[in-house]
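Peer 1: predicted model and sequence below, questions to follow.
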Protein chains: 2
Amino acid sequence: MSLGPGFDAYLIPRAKAALDGSQVVVGYRTYIELIKPLLTRQEVVATGMKAEVKRCRAAIERAKRGARVALVSSGDAGIYGMAGLVLEICAAQGLKVGPPEASEGVDFHLEVIPGVPALGAAAALLGAPLMHDFAAVSLSDLLTPWETIEKRLKMAAQGDFVIVLYNPKSRKRHWQLGAVREILLAFKDPATPVGLVSRAMRPGQETRITTLNDLLEFPVDMQSLIIVGNSQTFVYGPYMITPRGYLE
Amino acid sequence: MSLGPGFDAYLIPRAKAALDGSQVVVGYRTYIELIKPLLTRQEVVATGMKAEVKRCRAAIERAKRGARVALVSSGDAGIYGMAGLVLEICAAQGLKVGPPEASEGVDFHLEVIPGVPALGAAAALLGAPLMHDFAAVSLSDLLTPWETIEKRLKMAAQGDFVIVLYNPKSRKRHWQLGAVREILLAFKDPATPVGLVSRAMRPGQETRITTLNDLLEFPVDMQSLIIVGNSQTFVYGPYMITPRGYLE
């Protein structure tokens, strides 16, 4: 299930109810901390970074034994989140899972509860950059070859998509964002508006609008998301706006 | 502000509070109907289809005169929603607007409140199709030349993006989805999983998983959203899953 950007005001009632009704809550330590006030009596299984597979297996094990488990993901569990890995492991183990309304012959019920995704939270803080076609690309090359990422960026740029960059940087990944800037500059105007958002709707939230050319002048990290405009995107006051075409 | 897929269980508390605190609620008639139980004492301005500009102008006029206005959008107001048009009109009128924390010199305050977007709601019902890079393309050629849409689809297919199709069909737009199928078949396997979701989390909700080849055999309309997998997407039981790569 999805936590949204990380706080109560952005958590949908359906997710809140699932959390309240759960016996076990499984998640990444940092996010478990964020929702601590909501965890009253549940057993908590908090794991560290890069323990995604372990975390999902733990959740599945508990569910198989009959517990009501909430596996939490920040943002939307269905967008670069934990929903896929859970289902992949179920498939690998040959487990039969189905939605809550499926009654017969399942090992356990599973519901993917959506939430406000990181790209939606960032877009809201920037104004309205996602009013037209957009492509989301994760810059993490831990699980995806860099050549694939590079090709996708080129295609997205040539298609004049608004481009949302997930995982722009981490302690171990330094050079990728500079490479992205070079790739995009081959197709896009250096003055293209770029929005940087870190820790959306969380303590330490930062929002900044700059240009593709100056993209590297501001700090970003694992909790940042970057939105690069299309050829029509413009800046007005504190807002980044991609027109849909209604006023033309 | 965003209504999410359309019902209370998917409406974030921040949006609920904005609705409760508003004096005027402006929106498309169909969505106003969906949230009627939440509208207790507010003045309601409901307009018909294609009245987007009129609707936004009405909201801005009221806000300029000091009213607390909630302009509602289904899904996420920031993803193909009303947020951009409002800001565009403010820019065209030279109005100074800023976030709630900006105190001086603004004509009125404006907050874009995110919600669960249509693509997130559809993805959750289909399983986990958006675990990896994806591109969203609207098939509505009312405001966008078909050549642009076609080019974007080609680029998204060549980049092996998961592709989310917004506005696949309407009463007046019949041929587009067939054309999309042809375009995508030039790059993608005919067996590529495709998920169709109509009226997610609303009465009459329908979910179906088929293939790119058989895409046209099922009814879709303006309230449908289509997700076409990438080369790795597979089907397991009732779910469509795009692997991230953790288990490889």
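Peer 2: All right, it came through fine. Keep in mind that what you see is a predicted model, and the values were worked out from it rather than measured. Residues are numbered from 1 along each chain as shown, chains lettered A, B, ... in the order given.
Peer 1: what's the spacing between the spatially most central residue of chain A and residue A:28?
Peer 2: Centrality entry for chain A: nearest residue to the mean C-alpha point is residue A:118, 4.6 Å, by CA atoms, centre = their mean. The gap separating residue A:118 from residue A:28 is 14 Å, by CB to CB, to the nearest Å. In short, each C-beta sits where N, CA and C put it, glycine included.
Peer 1: now the common contact residues for the two.
Peer 2: Common contacts of residue A:118 and residue A:28 (CB atoms under 8 Å, 6 or more residues apart in numbering or on different chains): residue A:74.
Peer 1: can you give me the strands in chain A?
Peer 2: A:24-28, A:43-47, A:69-71, A:97-98, A:108-109, A:127-128, A:134-138, A:162-166, A:193-198, A:206-211, A:224-228, A:234-236, A:239-241 (DSSP state E).
Peer 1: quick one: is the first one near chain B?
Peer 2: Same thing as strand A:24-28. No: Strand A:24-28 does not reach chain B (CB under 8 Å from any CB of the partner chain); its nearest approach is 13.9 Å.
Peer 1: same check on the third one?
Peer 2: No: for a cut-off given as CB under 8 Å from any CB, strand A:69-71 has no contacts with chain B; the smallest distance is 12.2 Å.
Peer 1: show me what that strand is in contact with.
Peer 2: Taking CB under 8 Å, 6+ apart as the rule, strand A:69-71 contacts A:1, A:18-19, A:22-27, A:42, A:55-56, A:59, A:62-63, A:77, A:82, A:86.
Peer 1: pull out the buried residues from that strand.
Peer 2: A:69, A:70, A:71 (16 or more other CB atoms under 10 Å in any protein chain shown).
Peer 1: out of those, who's nearest chain B?
Peer 2: The shortest approach to chain B among the buried residues of strand A:69-71 belongs to residue A:71, at 12.2 Å (CB to the nearest CB).
Peer 1: how much space separates the nearest residue in space to the closest one that is not next to it in sequence from residue B:3?
Peer 2: Among residues not flanking residue A:71 along the chain, residue A:59 sits closest, at 4.1 Å (CB to CB, 6 or more residues apart in numbering or on different chains). To residue B:3, residue A:59 is 30 Å away according to CB to CB.
Peer 1: neighbour-wise, which of these two wins?
Peer 2: residue B:3 (30 against 24; other CB atoms under 10 Å in any protein chain shown).
Peer 1: the more buried one contacts residue B:11, doesn't it?
Peer 2: Yes: assessed by CB atoms under 8 Å, residue B:3 is found in contact with residue B:11 at 6.3 Å.
Peer 1: mutual contacts of these two, please.
Peer 2: By CB under 8 Å, 6+ apart, residue B:3 and residue B:11 have these common neighbours: residue B:115.
Peer 1: from the chain's centroid, how far away is the lowest-mean-pLDDT helix or strand in chain A?
Peer 2: Taking mean pLDDT, DSSP states H and E as the measure, chain A has helix A:29-34 as its least confident helix or strand, at a mean of 88. Put simply, helix A:29-34 sits 15 Å off its chain's centre (CA atoms, centre = their mean, to the nearest Å).
Peer 1: cool, stretch A:154-166 as well?
Peer 2: Stretch A:154-166 sits 17 Å away from the centroid of its parent chain (CA atoms, centre = their mean).
Peer 1: and what of stretch A:134-153?
Peer 2: Remark: stretch A:134-153 is offset 14 Å from the chain centroid, using CA atoms, centre = their mean.
Peer 1: ok, and what's touching it?
Peer 2: Taking CB under 8 Å, 6+ apart as the rule, stretch A:134-153 contacts A:79-80, A:119, A:155-156, A:159, A:161-170, A:173, A:176-177, A:179-180, A:183-184, B:132-136, B:156, B:158-161, B:244-246, B:248.
Peer 1: what is the burial count for the nearest residue to residue A:136 once chain neighbours are set aside?
Peer 2: Leaving aside its chain neighbours, residue A:136 sits nearest to residue A:164 (4.4 Å; criterion: CB to CB, 6+ apart). For residue A:164, the neighbour count with other CB under 10 Å is 26.
Peer 1: my guess is residue A:164 contacts residue A:225, does it?
Peer 2: Yes: using CB under 8 Å, residue A:164 is in contact with residue A:225, at 6.8 Å.
Peer 1: hey, what's in contact with both of those two?
Peer 2: With CB under 8 Å, 6+ apart as the test, residue A:164 and residue A:225 both reach A:119, A:122.
Peer 1: relative to residue A:49, which of the buried residues of strand A:69-71 is nearest.
Peer 2: residue A:71 (16.1 Å; CB to CB).
Peer 1: contacts only, for the nearest residue in space to residue A:190 that is not next to it in sequence.
Peer 2: Counting by CB to CB, 6+ apart, residue A:213 is the residue found nearest to residue A:190 once chain neighbours are left out, at 3.7 Å. By CB under 8 Å, 6+ apart, the contact set of residue A:213 is A:185, A:190, A:191.
Peer 1: kindly report the same for residue A:5.
Peer 2: A:74, A:75, A:116, A:118, A:121, A:200, A:201, A:202.
Peer 1: count of neighbours near the last one?
Peer 2: Going back to what we said before, that points to residue A:202. Neighbour tally, residue A:202, other CB under 10 Å: 15.
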